[in-house]
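J.: Predicted model and sequence below, questions to follow.
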Amino acid sequence: MTVVAIAPVAIAGCGGHARTAAPSPRQVARAFTGSPPALVSLHAQANELLEGGPAAFQARLAALRGNPVVVNEWASWCPPCRFEFPAYQRAAVVYGRKVAFVGLDAKEARAAAVAFLRRFPVTYPSYSDPSGSIAAAIHAYSAYPQTFYFDRRGTMVYDKAGPYASASALERDIRHYLLATG
């Protein structure tokens, strides 16, 4: 897993100029100690850009049943996506033992996505979706970024279009839509 040193979340307006909020390897290890097996498997693919299209993505969601899931559709070319990415870096560590996080890289070349993930590493994998077929399978529309919340049964319970203004706003939705009922 590629992880960079801690840096505070610092976001400079809507221009998409964000600084990484990636945790240290020690913080990640401490935060994920005791994770359930399905989440351990997910964490083992941290920061990877996975192929496989809708079938692979749906198989991953099925494997994560029993755990709440946050899916973040993003693209490196999208300023609001870049703006909110540090919030996901933080939330994925804070809630990564209870909630599965999965990225969905939308409509861009693999090289651009890989370069972006090097700059903003996350503790979960992203699926490459250059044609938009995965997004279509989960009924995403052309709003970037977009976040989908799936409950423990695999049912989508919330769909948020647009960026999160802060890590606390993202964490508030995680608690409300995924953890409020246990």
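T.: Perfect, thanks for sending it.

J.: Do I have it right that Glu73 meets Leu104?
T.: Yes - in this structure, Glu73 is within contact of Leu104 by Cβ atoms under 8 Å, at 4.3 Å. Yep, even glycine has a C-beta here, placed from its N, CA and C like the rest.

J.: Show me which of those two is the more surrounded one.
T.: Neighbour count, other Cβ atoms under 10 Å: between Glu73 and Leu104, Glu73 has more, with 28 against 23.

J.: Which residues does whatever helix or strand the more buried one lives in contact?
T.: Taking DSSP states H and E as the criterion, the element that holds Glu73 is strand 69-74. Applying Cβ atoms under 8 Å, 6 or more residues apart in numbering, the set of residues contacting strand 69-74 from outside is 61, 81, 85, 88, 91, 99-106, 126, 129, 135, 138, 140, 144-150, 154, 174, 178.

J.: List only those of the residues you listed flagged as buried.
T.: Neighbour-count burial (16 or more other Cβ atoms under 10 Å) is assigned, among the contacts of strand 69-74, to 61, 81, 85, 88, 91, 99-106, 126, 129, 135, 138, 140, 144-150, 174, 178.

J.: And the strands in this structure, which stretches?
T.: Using DSSP state E, the strands assigned to the chain run over residues 11-12, 17-18, 49-50, 69-74, 100-106, 126-129, 146-150, 156-161.

J.: So, low pLDDT: which residues of the protein?
T.: Where the chain drops to pLDDT under 70, the residues are 1-18, 21, 181-182.

J.: quick one, helices of it?
T.: In the chain, the helices defined using DSSP state H lie at 25-32, 37-43, 53-63, 79-94, 110-119, 133-137, 167-174.

J.: ranking these by burial, who's on top?
T.: Most buried of the helices of the chain, by mean neighbour count (mean count of other Cβ atoms under 10 Å): helix 79-94, with a mean of 23.

J.: before we move on, back to that, a markdown table for the helices of the chain, including distance to Asp159?
T.: A markdown table is the format used below for the helices of the chain (distance: least, Cβ to Cβ, whole Å):
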| stretch | distance to Asp159 |
| --- | --- |
| helix 25-32 | 27 |
| helix 37-43 | 21 |
| helix 53-63 | 15 |
| helix 79-94 | 15 |
| helix 110-119 | 22 |
| helix 133-137 | 12 |
| helix 167-174 | 11 |
